[in-house]
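*Asks:* Could you look at this predicted model? Sequence included:
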Amino acid sequence: MRHSFTIDYLPECMHRYGPEYAVVAIDVFRATTTAVTAVALGRRCYPVPTIEAAVELAAKFPEALLAGELGGTIPYGFDLDNSPVPLLELADTARPLILLSTSGTRVICGGSPGQIMYAASLRNVSAQVERLATHDPRVALIGAGARGEFRSEDALCCARIGAQLMERGYVPEDEATEAVIDRWSGAATEVIVDGPSADYLRDTGRADDIGFVLQHIDDLAASVELVDGELVYRESGARESNQG
């Protein structure tokens, strides 16, 4: 069986990819970086697609931290921004994290029933590739995007994963995917500091998130998979049976 992958972006594209695809959600600035960081710190993490879903889940986990943004604004009553930085300063890792974002968590939560869904960032590119190459013959790498655009940081992450998949024998499924690989797979990480996402973070006093991403490149040794609504660490061994 030929192994293949495609690259796409925006939550609205999710309907194109049925359960035959393993989907990798990528939102470098900032949802998937925040999510994989939370899981790496030993904190349970539950992504949600809407504020209504966040409120409903918070009622089940009254001790949970609510983190996120909608349209760049932290919703009323939330504890944290959609940022990995404050997580490093919190010692209460027993408190679950309910995570909401404008685009990223909508991609994570937008899969078909039974679909394999991962959250990846520049922190775990190689680990994500290892997991995919071991388990998933057909892959969709989905950048979250913003304001209808495929942002440079997400394109870079998608391209790095895609290029490593090609080294494992995967083939791009379309010309658009090939174009992303050609444009971004060899680009320096620092290219992301000049994109509109980074401009917005600087303009809104969130430049620490840019620094965090630049300082944490491929430093995590496991992928992060959505299982029964929770993001959990996955090693590259045998496929677990408790898929949600």
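*Replies:* On my side now, so go ahead. Just so it is clear, the model here is predicted, and its values are computed rather than measured.

*Asks:* Strands of this protein, residue ranges please.
*Replies:* For the chain, the strands defined by DSSP state E cover 4-9, 22-26, 45-48, 65-68, 97-100, 117-120, 138-143, 171-172, 223-227, 230-234.

*Asks:* what separates the second one from the chain centre, distance-wise?
*Replies:* Using Cα atoms, centre = their mean, to the nearest Å, the distance from the centre of strand 22-26 to the centre of the chain it belongs to is 7 Å.

*Asks:* picking that back up, let me have the strands of the chain in a markdown table, adding mean pLDDT and distance to R206 as columns.
*Replies:* The way it works is simple: take the backbone N, C-alpha and C, and place the C-beta from them, glycine included. Listed next are those as a markdown table, based on pLDDT from 0 to 100; distance: least, Cβ to Cβ, whole Å:
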| stretch | mean pLDDT | distance to R206 |
| --- | --- | --- |
| strand 4-9 | 98 | 22 |
| strand 22-26 | 98 | 19 |
| strand 45-48 | 98 | 20 |
| strand 65-68 | 98 | 13 |
| strand 97-100 | 98 | 16 |
| strand 117-120 | 98 | 20 |
| strand 138-143 | 98 | 20 |
| strand 171-172 | 98 | 34 |
| strand 223-227 | 97 | 22 |
| strand 230-234 | 95 | 22 |
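
*Asks:* Throw the ones you listed into a markdown table and include mean neighbour count and distance to A207, thanks.
*Replies:* Compiled in a markdown table, these are given as follows (neighbours: other Cβ atoms under 10 Å; distance: least, Cβ to Cβ, whole Å):
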| stretch | mean neighbour count | distance to A207 |
| --- | --- | --- |
| strand 4-9 | 23 | 24 |
| strand 22-26 | 29 | 21 |
| strand 45-48 | 26 | 24 |
| strand 65-68 | 24 | 19 |
| strand 97-100 | 27 | 21 |
| strand 117-120 | 28 | 23 |
| strand 138-143 | 27 | 22 |
| strand 171-172 | 16 | 35 |
| strand 223-227 | 24 | 25 |
| strand 230-234 | 19 | 26 |
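
*Asks:* Out of those strands, which is closest to E56?
*Replies:* E56 lies closest to strand 45-48 among the strands of the chain, at 8.3 Å (Cβ to Cβ).

*Asks:* Using a markdown table, lay out the strands of the chain together with distance to A187.
*Replies:* Shown next, in a markdown table, are the strands of the chain (distance: least, Cβ to Cβ, whole Å):
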| stretch | distance to A187 |
| --- | --- |
| strand 4-9 | 14 |
| strand 22-26 | 15 |
| strand 45-48 | 28 |
| strand 65-68 | 29 |
| strand 97-100 | 28 |
| strand 117-120 | 17 |
| strand 138-143 | 14 |
| strand 171-172 | 17 |
| strand 223-227 | 23 |
| strand 230-234 | 27 |
